[in-house]
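K.L.:
Structure of the sequence below:
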Amino acid sequence: MAISPDGTWLAAGGADPVAGIWDRATGTQAAELTGHTGPLWAVAISPDGTWLATGGEDQVVRIWDGTQAAELIGHTGPVQAVAISPDGTWLATGGDDRVVRIWDRATGTQTAELTGHTGPIRAVAISPDGTWLASAGDDSRFRIWDRAISAQSGAPTGNTRRAAAVAVSPDGTWLASAGADGVVRIWDRTSGTRIRQLTGHTGPIWAVAISPDGTWLATAGDDAVVRIWDRATGTQTGELAGPDGSIYAMAISPDGTWLATACGPDTVLRLWDTTAGAQIGELTSNDWIKQVAISPDGTWLATGGGADLVVRIWDRATGTQTAELAGHRSRVRAVAISPDGTWIATADGDVMDTVVRIWDRATGTQTGELTGHTGAVLAVAISPDGTWLATTGADNSLRIWDRATSSTVTYMRSDRTLTCCTWTPDSSAVAAGGSAGVYLYNFTPGQHGPGI
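P.N.:
Reported below is the predicted structural model:
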């Protein structure tokens, strides 16, 4: 049932395929709308009261302006929910096919699909300003969607234990993930199918990185060895063995000629020649190093993870520390550098400090904060175009942030903790991993506002 904006009439549907229009003052039925072939489960009236939308068992959304004006066809199950935007230009619908669909009112065409529910959708609502919508269903999940960026989530893949690291190839066609089971898995991005498994590690894997040309990848973890793998054959082609101790973080230089590893508990960041397989340098801190990121031009690095709670900036050529970023309340858990190298994003992974901090590279000062997570922030990734950030956390959520406004533009919730995330090269999708495996979230532009 729905009530007109001026309160003078109502529209209702039920077990029969007819929508009834009722006069509020007299209580009499004023009209019948016929055309559906099954029970009606949803009715919505436009903000100006000139038309309405209905949906039901026949899987069709029908638009009425006295007579039937249009059919919106696309659902593959009964339609259980219909909502109309505040300006009346678009609709959102949901139903048994577990998809929230966005429709253009003028053309009757579907403009977006929001997937992620694992059960029938029973309710859809649109915010008063039309910038976001909410959906709920039989999966006991209440999901919030950004209208400007419609998120589509892929199904979790088959890591047998939690995914601790994920990386996307430079051409965006495949992903690599690894975790507590010590196996590296290569996935096709489009189909979500596993291409191959790489075995050889003797313990959990905490870091995965792919070369700039996509021909090889490097993995590291508790067995204290960086293993180099040929992408085409899946064979191990090299090992970089340092001192005993888990390798928690790793980054490959922009030209692929060297990489950096952080091994804890250790105060040394080691630099390796990827061709010769030899160590070529060390950056020595006065505290643990458990996070590392390399600048886009390869001339400097950022590290974190120590008990002194600071992020350190290092000169690659001299091996000297050039700056400290202080302000975190716990050990730094995540460090990311912007594509132009002018700013840095960090998070400390503490439940009492769920803030992502933005820093100016030149001055070393904090310039912004991203607030919204309700649990420890475990990973930060910056989109290749520098417009967005992705963060994951112990609150089981993936958040996408607008860099310019420091605001959350879309939010997705997993059933379990998400510990890592990375962007695709075209800034159109985020791969996130955690306790349940790996998810791929594709982002498509909506009708209004900024789009990816």
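K.L.:
quick one: low-confidence ranges for the stretch 101-250 of the chain?
P.N.:
Across the stretch 101-250 of the chain, the ranges flagged by pLDDT under 70 are 142, 146-161.
K.L.:
how about the strands in it?
P.N.:
110-115, 121-126, 132-137, 142-146, 149-153, 163-168, 174-179, 184-188, 194-198, 205-210, 216-221, 225-230, 236-241, 246-252 (DSSP state E, counting those that start in this stretch).
K.L.:
Save these as JSON lines, and put in mean neighbour count and distance to residue 309 too.
P.N.:
Bear in mind the C-beta positions are built from the backbone N, C-alpha and C, glycine included. Output for the strands of the stretch 101-250 of the chain, formatted as JSON lines (neighbours: other CB atoms under 10 Å; distance: least, CB to CB, whole Å):
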{"stretch": "strand 110-115", "mean neighbour count": "19", "distance to residue 309": "39"}
{"stretch": "strand 121-126", "mean neighbour count": "19", "distance to residue 309": "42"}
{"stretch": "strand 132-137", "mean neighbour count": "20", "distance to residue 309": "35"}
{"stretch": "strand 142-146", "mean neighbour count": "18", "distance to residue 309": "32"}
{"stretch": "strand 149-153", "mean neighbour count": "22", "distance to residue 309": "33"}
{"stretch": "strand 163-168", "mean neighbour count": "26", "distance to residue 309": "23"}
{"stretch": "strand 174-179", "mean neighbour count": "25", "distance to residue 309": "27"}
{"stretch": "strand 184-188", "mean neighbour count": "21", "distance to residue 309": "32"}
{"stretch": "strand 194-198", "mean neighbour count": "15", "distance to residue 309": "36"}
{"stretch": "strand 205-210", "mean neighbour count": "24", "distance to residue 309": "21"}
{"stretch": "strand 216-221", "mean neighbour count": "24", "distance to residue 309": "25"}
{"stretch": "strand 225-230", "mean neighbour count": "20", "distance to residue 309": "27"}
{"stretch": "strand 236-241", "mean neighbour count": "15", "distance to residue 309": "29"}
{"stretch": "strand 246-252", "mean neighbour count": "23", "distance to residue 309": "17"}
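K.L.:
And residue 63, which helix or strand is it part of?
P.N.:
strand 60-64 (DSSP states H and E).
K.L.:
measure residue 379 to residue 403 for me?
P.N.:
Distance of residue 379 to residue 403, given as CB to CB, to the nearest Å: 17 Å.
K.L.:
again, but for residue 203
P.N.:
Applying CB to CB, the value for residue 203 to residue 403 is 37 Å.
K.L.:
Which one's more surrounded, those two?
P.N.:
Just comparing residue 203 and residue 403: by other CB atoms under 10 Å the higher neighbour count belongs to residue 403, 19 against 14.
K.L.:
Was I right to think the more buried one contacts residue 390?
P.N.:
No - checked against CB atoms under 8 Å, the pair residue 403 and residue 390 is beyond contact range at 11.2 Å.
K.L.:
Quick check: neighbours shared by these two?
P.N.:
When contacts are counted by CB atoms under 8 Å, 6 or more residues apart in numbering, residue 403 and residue 390 have residue 382 as shared neighbours.
K.L.:
Residues in a beta bridge with residue 239, which ones?
P.N.:
Residue 239 forms beta bridges with residue 227, as assigned by DSSP bridges.
K.L.:
tell me the contacts of it?
P.N.:
225, 226, 227, 228, 277.
K.L.:
okay, those in CSV with distance to residue 425 next?
P.N.:
Shown next, in CSV, are these (distance: CB to CB, whole Å):
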residue, distance to residue 425
225, 28
226, 23
227, 24
228, 21
277, 27
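K.L.:
and which of these is nearest to residue 120?
P.N.:
residue 227 (45.0 Å; CB to CB).
K.L.:
and the strands of the stretch 101-250 of the chain as JSON lines, adding distance to residue 345?
P.N.:
Shown next, in JSON lines, are those (distance: least, CB to CB, whole Å):
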{"stretch": "strand 110-115", "distance to residue 345": "27"}
{"stretch": "strand 121-126", "distance to residue 345": "31"}
{"stretch": "strand 132-137", "distance to residue 345": "23"}
{"stretch": "strand 142-146", "distance to residue 345": "20"}
{"stretch": "strand 149-153", "distance to residue 345": "19"}
{"stretch": "strand 163-168", "distance to residue 345": "18"}
{"stretch": "strand 174-179", "distance to residue 345": "22"}
{"stretch": "strand 184-188", "distance to residue 345": "26"}
{"stretch": "strand 194-198", "distance to residue 345": "30"}
{"stretch": "strand 205-210", "distance to residue 345": "18"}
{"stretch": "strand 216-221", "distance to residue 345": "23"}
{"stretch": "strand 225-230", "distance to residue 345": "25"}
{"stretch": "strand 236-241", "distance to residue 345": "28"}
{"stretch": "strand 246-252", "distance to residue 345": "15"}
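K.L.:
So for residue 265, which of those sits nearest?
P.N.:
Taking these one by one with CB to CB, strand 246-252 is closest: 8.9 Å.
K.L.:
Within the sheet, what are the partner strands of that closest one, with directions?
P.N.:
According to DSSP bridges, strand 246-252 forms sheet pairs with strand 258-264 (antiparallel).
K.L.:
The strand it pairs with: what's the following helix or strand?
P.N.:
Using DSSP H and E, the first helix or strand after strand 258-264 is strand 268-273.
K.L.:
Now the element after that next one, going C-ward?
P.N.:
Later in the chain than strand 268-273, the nearest helix or strand by DSSP H and E is strand 278-284.
K.L.:
For that next one, list the C-alpha coordinates in CSV.
P.N.:
What follows is strand 278-284, C-alpha atoms only, in CSV (Å, rounded to 0.1, in the frame of the first residue of the first chain):
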residue,chain,number,x,y,z
ALA,A,278,70.6,-10.7,-4.2
GLN,A,279,70.2,-8.2,-1.3
ILE,A,280,71.3,-4.7,-2.5
GLY,A,281,70.5,-2.5,0.5
GLU,A,282,69.1,-2.0,4.0
LEU,A,283,67.1,0.7,5.7
THR,A,284,67.6,0.5,9.4
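K.L.:
returning to that earlier point: out of the strands of the stretch 101-250 of the chain, which comes closest to residue 384?
P.N.:
Short answer: strand 163-168, nearest of the strands of the stretch 101-250 of the chain by CB to CB, at 10.1 Å.
K.L.:
ok so, going back, I'd like to know which of the strands of the stretch 101-250 of the chain is closest to residue 43.
P.N.:
Closest of those to residue 43 is strand 121-126, at 12.6 Å (criterion: CB to CB).
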